[in-house]
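Engineer: fold the following for me, if possible:
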Amino acid sequence: MFEGLPLLSLLVWLPVIGGVVVLLTGAQNAERARWFSLGIAAVVFLLSLALWQGFETGVAGMQWVERNVWIAAFDIHYHLGVDGISMPLVVLTAFSTLLVVIAAWEVVKYKPAQYLAAFLIMEGIMIGVFSALDAILFYVFFEAMLIPMFLIIGIWGGPNRIYATLKFFLYTFLGSVMMLIALIYLRIQAGSFGITDFYGLGLPLNAQVMIFLALLAAFAVKVPMFPVHTWLPDAHVEAPTGGSVILAAITLKIGGYGFLRFSLPITPDASLALDWLLIGLSLIAVVYIGLVAMVQEDLKKLIAYSSIAHMGFVTLGFFLVFRIIAAGGDQSGALLALEGGMVQMISHGFISAAMFLSVGVLYDRMHTRMIADFGGVATRMPIFAGLFVLFAMANAGLPGTSGFVGEFMVILASFQAGFWYAAVAALTLILGAAYSLWMIKRVVYGEVKNTQVAELEDINRRELLLLGSLAVIIIFFGVYPAPLIAVMEPSLAALLQIMVPTL
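Structural biologist: This next block holds a predicted model:
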């Protein structure tokens, strides 16, 4: 049905153009701006489902490819395409943006048109990041993404929003400057800005190490990895609910995607030489940041720190591949580690969105995020409480939820690298259960001691639609992750051959 259509261009530019229209015309009529934004977000999500439906599983190469000359003098192309690594992230982006538009419907009173426009524009830019196959096009999208998020936090954020926005911008921008230098060097070596043309260059180890570190500066901040993670809790606390959802569900995934698309295939020798560094930082994130999450008094900060710990699992899975091979493991074990990291990325996108939307529901009613201000919420909001407990358990990696699948795959693969890798990684299940259960006990259960809690009303139909849809997805992929794995497996297997060509 969609064959021959520039589907990726539609996914990139339809929300951007729609956001500009809302920005220019929506200020006079907020209700019209809401409906128009909802229509654009819904169409983009349906187009992303068409992308998934038309995607040929079992094929490792790029699909839905578009290529046109952009800047001929520098051989820069408007080059788009998706494979099994990027396509699920495109769908996740479209779905998350639709949720954000619905979540803002009755909540955002201050400049709602501008708020919605920022998210629509950011949606198109993020889809551009995941589908760009030209390095400069990727870099443009990667940098442009900063602008709407900067505005979202800076305008609709909390009391310390200026500090949070500046910290977020500086961390991300400084890292990406290093990436640009690396991309220009790769262009000189490859004679092209095509990302896949960078693969297999056979660069000497010292050059690979320098490129790897330059890329690490950009992608480690995005994940964010320890010790460049400190911008994320501040950004989450100050961001509005929609900003937190997109930050956790999508922005963090761009760091993991960057490792898969750039670092591992372009600098495999440097990745092997420095795998100890990435594995060490990942395990620190899993354990230390998990402990930090346990002592948080702000709901958003607790979830933000848990996100850092869970994303540590993603990078752990990616870089354990080399240790698995060195320990005598086979391709299936190495592939399991990559798949586990990728499944964890997608799963965390849904779970973190659900967690931050749940906090938004409570904040809209009580205007506080402090855990001590709650208690006994289940007595007044039983439907919400049931969903919130489900999301918290998924965040802790409960079997039967999507949160368990990716973590279990990484832990299972890490046994092939060595017992202690698996033992330390498995601590996240204990720590995740500890801070999740402690949060649930203090927020959902117990006696109602706060008069504001006593006056709470359960979620309405709009909120039930948001949280209920996420609950269905989290359980579905927890019980039956095969469709997701089938899409990504061929592309990850091809990536593995580039990383470790002797397999």
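Engineer: please pull out the lowest mean pLDDT helix or strand from the chain.
Structural biologist: The weakest-scoring helix or strand in the chain, judged by mean pLDDT, DSSP states H and E, is helix 451-454 (a mean of 81).
Engineer: contact partners of it?
Structural biologist: Contacts of helix 451-454 from elsewhere in the structure, counted by C-beta atoms under 8 Å, 6 or more residues apart in numbering, are 365-366, 373-377, 380, 448. Yep, even glycine has a C-beta here, placed from its N, CA and C like the rest.
Engineer: off-centre distance for it?
Structural biologist: If you compare the mean C-alpha spot of helix 451-454 with that of the full chain, they lie 35 Å apart, counting by C-alpha atoms, centre = their mean, to the nearest Å.
Engineer: next, the buried residues of that helix.
Structural biologist: Within helix 451-454, the residues that qualify as buried by neighbour count (16 or more other C-beta atoms under 10 Å) are residue 453.
Engineer: tell me which helix or strand comes right after that helix.
Structural biologist: helix 461-479 (DSSP states H and E).
Engineer: who does that following helix touch, helix- and strand-wise?
Structural biologist: Other elements packing on helix 461-479 under the criterion 3 or more C-beta pairs under 8 Å, 6 or more residues apart in numbering; DSSP states H and E are helix 87-103, helix 331-366, helix 382-395, helix 402-417.
Engineer: and the third one, what does it pack against?
Structural biologist: The contact analysis (3+ C-beta pairs under 8 Å, 6+ apart) places helix 382-395 against helix 299-326, helix 331-366, helix 377-380, helix 402-417, helix 419-443, helix 461-479.
Engineer: now the last one against helix 331-366, angle please.
Structural biologist: Between helix 461-479 and helix 331-366, the angle comes out at 160 degrees (axes from the mean of the first three to the mean of the last three C-alpha atoms, to 10 degrees).
Engineer: from the chain's centroid, how far away is the helix or strand following helix 461-479?
Structural biologist: Note on helix 461-479: by DSSP H and E, the next helix or strand toward the C-terminus is helix 482-499. Taking C-alpha atoms, centre = their mean, one finds the center of helix 482-499 at 19 Å from the center of the full chain.
Engineer: how far away is residue 276 from residue 317?
Structural biologist: Between residue 276 and residue 317 the computed distance is 16 Å (C-beta to C-beta, to the nearest Å).
Engineer: what does residue 12 give?
Structural biologist: Between residue 12 and residue 317 the distance, using C-beta to C-beta, works out to 29 Å.
Engineer: same check on residue 387?
Structural biologist: According to C-beta to C-beta, residue 387 stands 28 Å off from residue 317.
Engineer: next, count neighbours for residue 24.
Structural biologist: For residue 24, the number of neighbouring residues by other C-beta atoms under 10 Å comes to 10.
Engineer: could you report the pLDDT at residue 413?
Structural biologist: Among the per-residue scores, residue 413 holds a pLDDT of 90.
Engineer: you'd agree it is up against residue 336?
Structural biologist: Yes. Using C-beta atoms under 8 Å as the test, residue 413 is close enough to residue 336 to be in contact (4.2 Å).
Engineer: output the longest strand belonging to the protein.
Structural biologist: The strand of greatest length in the chain, counted in residues with DSSP state E as the criterion, is given as strand 63-71.
Engineer: can you give me the angle that strand makes with helix 482-499?
Structural biologist: The directions of strand 63-71 and helix 482-499 differ by 50 degrees, with the same axes, to 10 degrees as the criterion.
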